[in-house]
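In: Mind looking at a prediction? Sequence and model below.
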Amino acid sequence: MIMNTMKNKIFISLAILLAVSASGAGSFVYAKMSPEAYKLFQETTFLEKGNNYTAAIENIKKAIEISPDEAILYIKLGGIYSELGDWQNALVAYKKAIKLKPNDAVVYISIGNILQQQQDYENAFAAYNQAMTIFPEYKYNYLNLANVKFLQGDNQEAIKYYKTFLGYYSDNAEARANLASIYLKLDKYQDAADEYAELYTQNPNSFGEFSNYGLALLRSGDYTNAVEMLKKAVRLDTGDYASHANMALAYVRLSKDELALIEFRNAFSLNPNLNDLKFDYANLLADMGKTNDAITMYKEYITYNPKDATAYFNLGQVYQKNSRYEEAIEAYKEANALDDTNINIKKELARTNHLCKNYNDAVKLYDEILLTDKNDYNVLFNKAIALHALNEYDAAIDIYKNLYTQRTEPKVKEYLYKAYISQGDKYVKNSQPKKALSYYEEAAYLNANDSEAVKAMANIYDSMGSKSKALEKYEKAIEINPEDTELLLEYAKSLAKYNKDEEAISAYSKVLSLDANNATAHELLADLYVKSNNLNKAIMEYKRTLELQPDNEAAMIKLGNVYKSQNDTKAALKLYEDVVTKNIKNTDAMFNSGLCYAELDDNTKAKNAFNKVIAIDPEYAYAYYALGMAYEKENNNSEAIINYEKFMNLSNDDGLKSQVKAQIDYLKSKKQ
């Protein structure tokens, strides 16, 4: 908030006590004064009125030579010097007067006035206080006491004397203005506002403190009236940038952002160097969504005040709201470096690091925060999530479990469940299935309505060959989530693996009832139909698979194999060649096409196909066997024997190898 230069008006009471009692302040008694001296005294008064001060001084000095014991003559001399501003000579004269008349309150007040002008506040106060002792009935002297105390910086004493004075002279505008200014200086804004209100009420036409009155109202929370006073201030002085600034702040408090924006701009147009105000202006711009302008203003403010942690923090907030996380982190780091005890700064820095997946940095910050409050629920939860993301599942699980014990929050339960699953998956990956099972069991116990953990257990039992437990867990998982096609698919595969073909077919059919476009289910169902020799249904399912996945090479080969088994060699060959066209390196399709050519008595193309297979994969054993047969068909027994022997070296098919060995022996015997 902007404060105008304080108008600390100190009005010195140059008290002229007319008609005072002899028993009080002392009286002007001329009985001892000689007629000649008295005449000079009267002439001096006449000269003084005519502003002929030099002659007046000469006259009064002559009178003093005649009647040196008359205090009134020294008082007159002191008064003339005072009018001339010759404070030193005035003080000398008054001090001589006080020696002659020690109980004269007027003289002490005059001495106090001069000492106050000379900034000798301690002795000025002593003089005024002496006058008060001599003549307590003179209440106006409280104003002198108040003014000196204010000038000394003793604001509390000044307030006391101003209030006492105003108790007698409540309509004294100068004293009330001084009191209000002290309250404003001491941040006693409501008291200041009350004094300015009294001044304004007493005489609204001559009131000139609108700027400070508006400031007092602003600081005391009366924003609506603050605006009204500040408007009056800028009408009186269009260059009053402080009032424009304070009006902007009042509008901010009143949520009148557009009006606040106008007044901020007015203030800065009058004074571009209102550096403190840039912080509040930046805050308004940020609240109004004027992001780039807010960032610029925060940076300008920080250039002026680089040690303000709050400015860096607010800048970080703007960056964060606009997903400029790296810049937000840098701003928060600066704020944290300047104020490393501020937990809110650490929390935002941790949160932003977390959002940027800087999980290690986030965990370090969470630990720092927890040193202040080890039981901060949200911080512990966020730390657990960060540990979870770092694959430190056991550490995360410990925190989740503790938090869930405190409060059964659904979100904590969800993350705990996921951590159990993740740790189980980790053990599966590391070939430790038994350890994995214990975590999956914990997960299943925690959430009996989710099938993921049960399915994971089924997969482990399946991989371990524990048929009954695997099927039991699959069935339990399906009971929980009967429409999970992926789960049903796994279950069907397991059934097929354990030769429960009818049940597997039923399971695949269930998948397809839920998802008719599941190509995998169509293909695996077709495989089962082949196994059960239901070839027409197999063909239908393979075709459906290829409608959904035209580039499924495995399905094309399998469909070709079915056609081949039905002696539809040409249909099979077309499929194999289609695969080779799509993928020249598919050796299985190329090999099968070679077999088809052989069946169609095109021995040249058959050999060409087998040679291409060998060129791609020199260890493809059956290609050598087929090539040997092709050469034997041409009566090229030497080449046949060479290829048969290569097959023997590469193959693990003992049954076929025994037949091939016999054939080799036969061919060799023919050569002899």
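Out: Happy to help now that I have it.
In: Please count neighbours and contacts with C-alpha atoms only from this point.
Out: Will do.
In: Low-confidence ranges, this protein, go.
Out: Applying pLDDT under 70 to the chain flags the ranges 1-31, 672.
In: Hmm, residue 541 and residue 555 touching each other?
Out: No. With contacts defined as C-alpha atoms under 8 Å, residue 555 does not count as touching residue 541, sitting 9.7 Å away.
In: out of the two, which sits in the busier spot?
Out: Between residue 555 and residue 541, residue 555 has the larger neighbour count (other C-alpha atoms under 10 Å), namely 27 against 23.
In: quick one: that one and residue 521, what's the gap?
Out: 12 Å (C-alpha to C-alpha, to the nearest Å).
In: Same question for residue 165.
Out: For residue 165, the distance to residue 521 - C-alpha to C-alpha - is 100 Å.
In: for residue 233, same thing?
Out: Taken as C-alpha to C-alpha, the span from residue 233 to residue 521 is 83 Å.
In: Pick out whichever of these two has more residues nearby.
Out: residue 521 (27 against 23).
In: and residue 173, what is it in contact with?
Out: Residues in contact with residue 173 (C-alpha atoms under 8 Å, 6 or more residues apart in numbering) are residue 199.
In: wait, what's in contact with residue 317?
Out: Neighbouring residues of residue 317 by C-alpha under 8 Å, 6+ apart: residue 328.
In: Which strand or helix spans it?
Out: helix 309-321 (DSSP states H and E).
In: buried set for that helix?
Out: 309-320 (16 or more other C-alpha atoms under 10 Å).
In: Farthest pair within these?
Out: For the buried residues of helix 309-321, the farthest-apart pair by C-alpha to C-alpha is 309 and 320; their separation is 16.4 Å.
In: Residue 616: what's its closest spatial neighbour, skipping adjacent residues?
Out: If the residues on either side of it in the chain are set aside, residue 616 comes closest to residue 585, at 6.8 Å by C-alpha to C-alpha, 6 or more residues apart in numbering.
In: quick revisit: just send the buried residues of helix 309-321 back as JSON lines, with distance to residue 514 too.
Out: Converted to JSON lines, those look like this (distance: C-alpha to C-alpha, whole Å):
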{"residue": "309", "distance to residue 514": "59"}
{"residue": "310", "distance to residue 514": "58"}
{"residue": "311", "distance to residue 514": "58"}
{"residue": "312", "distance to residue 514": "56"}
{"residue": "313", "distance to residue 514": "53"}
{"residue": "314", "distance to residue 514": "53"}
{"residue": "315", "distance to residue 514": "53"}
{"residue": "316", "distance to residue 514": "50"}
{"residue": "317", "distance to residue 514": "48"}
{"residue": "318", "distance to residue 514": "48"}
{"residue": "319", "distance to residue 514": "47"}
{"residue": "320", "distance to residue 514": "44"}
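In: what about residue 563, neighbour count?
Out: By other C-alpha under 10 Å, 20 other residues sit near residue 563.
In: Burial check on residue 37, number of neighbours?
Out: With other C-alpha under 10 Å as criterion, residue 37 counts 24.
In: got it, and residue 277?
Out: 22.
In: what secondary structure does it sit in?
Out: Per DSSP: H, G, I helix; E, B strand; the rest coil, the secondary structure class of residue 277 is helix.
In: quick one: it from residue 300, how far?
Out: Relative to residue 300, and taking C-alpha to C-alpha, residue 277 is found at 11 Å.
In: Need phi/psi at residue 139.
Out: Phi and psi for residue 139, reported as degrees, to the nearest 10, are phi -70, psi -20.
In: list the contacts for it?
Out: Contacts of residue 139 by C-alpha under 8 Å, 6+ apart are 165, 168.
In: now do 10 Å
Out: Taking C-alpha atoms under 10 Å, 6 or more residues apart in numbering, we find residue 139 in contact with 132, 164-169.
In: This structure: strands as residue ranges?
Out: In the chain, no strands are found when defined by DSSP state E.
In: Check it for its longest helix and report it.
Out: If you go by DSSP state H, the chain has its longest helix at helix 410-429.
In: What is it packed up against?
Out: Judged by 3 or more C-alpha pairs under 10 Å, 6 or more residues apart in numbering; DSSP states H and E, helix 410-429 is in contact with helix 377-389, helix 393-406, helix 433-446, helix 452-463.
In: And the first one, how far out from the chain middle?
Out: Going back to what we said before, that points to helix 377-389. Distance, stretch centre to chain centre, for helix 377-389: 17 Å (C-alpha atoms, centre = their mean, to the nearest Å).
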